[in-house]
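*Asks:* Have a look at this prediction, sequence included:
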Amino acid sequence: MIYAKFHTNSGERIKYHKSSSVWPGIKFAETINNPFTRWITGNGKKIDFWRDLWATCTPLHEHIDLSNHL
């Protein structure tokens, strides 16, 4: 998917701007959520990106089908 976004059908890298259909929504949501978002990482020695609680009361790995060994 990423390859297709940045390459032509013949496999050459694109040399023009392709706008994102997702980015406007991310920017809009950031202005609403930013005042309510805080990151607490403890002492910073052990951060588990997939199992720590970041933005909700549920770890990220429970929101997606992710292998247990990560």
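*Replies:* Cool, got the structure.

*Asks:* buried ones in stretch 45-52?
*Replies:* Buried residues in stretch 45-52, counted by 16 or more other CB atoms under 10 Å: none are found. Backbone N, C-alpha and C define where each C-beta goes, glycine included.

*Asks:* tell me the pLDDT at residue 66?
*Replies:* Listed pLDDT for residue 66 reads 61.

*Asks:* what do you get for residue 56?
*Replies:* Residue 56 is assigned 76 on the pLDDT scale.

*Asks:* Ok, residue 51 next?
*Replies:* Predicted confidence (pLDDT) for residue 51: 83.

*Asks:* There's contact between residue 51 and residue 59 in this structure, I believe.
*Replies:* Yes: counting by CB atoms under 8 Å, residue 51 does reach residue 59; the two are 4.7 Å apart.

*Asks:* what distance separates stretch 55-63 from the middle of the whole chain?
*Replies:* Centroid displacement of stretch 55-63 relative to its chain, using CA atoms, centre = their mean, to the nearest Å, is 13 Å.

*Asks:* let's number from 48 now, not from 1
*Replies:* Renumbered: residue one is now 48, and that last one reads stretch 102-110.

*Asks:* list the buried ones in that stretch?
*Replies:* So, applying 16+ other CB under 10 Å, buried residues of stretch 102-110: 107-108.

*Asks:* How about stretch 50-67?
*Replies:* Buried residues in stretch 50-67 (16+ other CB under 10 Å): none.

*Asks:* Quick one: end-to-end length of it, please.
*Replies:* Here the two ends of stretch 50-67 are set 15 Å apart, with distance taken as CA to CA, to the nearest Å.

*Asks:* and it, what's its mean pLDDT?
*Replies:* For stretch 50-67, mean pLDDT rounds to 81.

*Asks:* any residues touching that stretch, and which ones?
*Replies:* Residues outside stretch 50-67 that contact it (CB atoms under 8 Å, 6 or more residues apart in numbering): none.
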